[in-house]
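Participant: predicted model, plus sequence, below.
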Amino acid sequence: MEIEPIEKIIRSLLKEYNKKPRGWFAFADKYGQFVFIGPTGAFLLKTLPLGGGRVLGVGAKIDVLEIKRSQKIPYGFRPLHKKDVQLLIQNLQRGVFPRSFMEKWLRRAPVETGRLKNCLGILNGPVFFTPDLRTIVKGQKELQKRLENEVFRLFKEKYPMRAGIYL
C-alpha cells in the first residue's frame, strides 16, 4: 500500500467514484480519519486541520473492506436545482427546515462530478461519524499508524514553527 498526499489520493478517489457513483459509503472519526468505501475498493485518509478551511493530509487505497453496510443511504454528490435552492432559502428564512426535504434529496441517485457543473447547489454526503474508525476498519491499525506518522512528518516539514509547539 502506497501512502500518497491527500491531493493525489482524492483525485484517485474521484476518478473511481466517477466510474461508478452508486454504492459508496463514507465514514469519519474525531481524529481526522476518513474512509470512503466504494463498490470495488476503499480509501483511507488521515487529515490534520490547519485552520481557515485548509487541511493537510495523506491517504492510501486499500482493499475492499468487509463492513456492515446497514446504512441505507449511500454517499455521493447530488445536484440541487433552482427549485430546490429556492425552497431551501424560503424555509431557512422562516427558520424551519423540514426533514422531508433532506430525505427527498438524499433519495436521489448520486451522479458523476462532471454532471454537477450547471446546478445551483450540491448535496454531498452523507458521511457517517463514528468515535474511532478503528472500530470499523478492522485490521488496519498498522496502516492508520503509518498514515498518522506521515501526516505529522509532512506537517513538520511544511510548518516547522507550528510543529515545534507539539514536540
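Facilitator: Structure received.
Participant: any idea how far residue 93 is from residue 86?
Facilitator: Separation of residue 86 from residue 93 (C-beta to C-beta, to the nearest Å): 11 Å. For every residue, glycine as well, the C-beta is placed using N, CA and C.
Participant: the two: who's more crowded?
Facilitator: residue 86 (11 against 8; other C-beta atoms under 10 Å).
Participant: make sure the more buried one is indeed in a helix.
Facilitator: Yes: with DSSP: H, G, I helix; E, B strand; the rest coil as the criterion, residue 86 is located in a helix.
Participant: pLDDT at it, what is it?
Facilitator: For residue 86, the model assigns a pLDDT of 87.
Participant: where do the strands of this protein begin and end?
Facilitator: In the chain, strands defined by DSSP state E lie at 4-5, 25-28, 33-37, 42-51, 54-62, 76-80, 121-125, 127-129, listed in chain order.
Participant: pick the most deeply packed of these.
Facilitator: strand 33-37 (a mean of 23; mean count of other C-beta atoms under 10 Å).
Participant: note down every partner strand of that one and its orientation.
Facilitator: Strands that pair with strand 33-37, judged by DSSP bridges, come out as strand 25-28 (antiparallel), strand 42-51 (antiparallel).
Participant: residue 43 against residue 58, yeah?
Facilitator: No: Residue 43 lies out of contact with residue 58 (C-beta atoms under 8 Å); the separation is 11.1 Å.
Participant: shared neighbours, those two?
Facilitator: Both residue 43 and residue 58 are in contact with residue 9, where contact means C-beta atoms under 8 Å, 6 or more residues apart in numbering.
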